[in-house]
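Colleague: return a 3D structure for these sequence lines:
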Amino acid sequence: MNYFITYNGQTVGPMSREQIFAYPVTPQTPVCTEDNQQWAPLYTFPDLMEMLKIESSRPNPAEVNTTGKDKIVCGVLAILLGFFGAQYFYVGKVAGGFICLLLSVITCGIWNIVTLIQGILMLTMSQADFEKKYVLNNSTFPLF
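Modeller: Take a look at the predicted model:
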């Protein structure tokens, strides 16, 4: 059976029930079928509500920690101990940690401003972006 939904004021479809969940649907989303041209809320379709429950129970891929390195821990390390390069040691970038430590000594602590900004950026990005930029990146010294 093919369905139509209303998304941003426009009719989208025909699509299968699996395709519906590529859109941010709620139980109140207007839905109709090809067979019955009457619009009804999604919650009136038992098969769609079952799939909505399954889809809503899945974790958001942007917040799944796949490497075991937490962005919050790393961000706090960058803010509090960034002059030691603690955030780089935490994610396994030992050479980056030593570079950061060296820059802190050479600049007489001015480098701490950069690590403070880096820590704030780490805390505001998604877990997936953090892992891509700092953990899974082949760079020795990923900065921003």
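
Colleague: Gly109 contacts Phe83, correct?
Modeller: Yes. With contacts counted by C-beta atoms under 8 Å, Gly109 reaches Phe83, the gap being 6.4 Å. (C-beta placed from N, C-alpha, C; glycine too.)

Colleague: buried sites along stretch 67-74?
Modeller: Neighbour-count burial for stretch 67-74, counted by 16 or more other C-beta atoms under 10 Å, picks out 69, 71, 74.

Colleague: and the first one, what is it in contact with?
Modeller: I take that to be Lys69. Taking C-beta atoms under 8 Å, 6 or more residues apart in numbering, we find Lys69 in contact with 90-92, 130-131, 134-135.

Colleague: now swap in the second one and tell me
Modeller: Remark: with contacts taken as C-beta under 8 Å, 6+ apart, Lys71 is in contact with 122-123, 125-127, 130-131.

Colleague: state the phi and psi torsions of the closest residue to Lys133 other than its chain neighbours.
Modeller: Excluding the flanking residues, the one nearest Lys133 by C-beta to C-beta, 6 or more residues apart in numbering is Pro142, at 5.8 Å. Backbone torsions of Pro142, given as degrees, to the nearest 10, read phi -70, psi 120.

Colleague: per-residue confidence at Pro142?
Modeller: Model confidence at Pro142, given as pLDDT, is 88.

Colleague: would you confirm that it contacts Tyr134?
Modeller: Yes. Using C-beta under 8 Å, Pro142 is in contact with Tyr134, at 5.3 Å.

Colleague: common neighbours of the two, please.
Modeller: Common neighbours of Pro142 and Tyr134 (C-beta under 8 Å, 6+ apart) are Lys93.

Colleague: between Gly109 and Phe83, which one's more packed in?
Modeller: Just comparing Gly109 and Phe83: by other C-beta atoms under 10 Å the higher neighbour count belongs to Phe83, 20 against 10.
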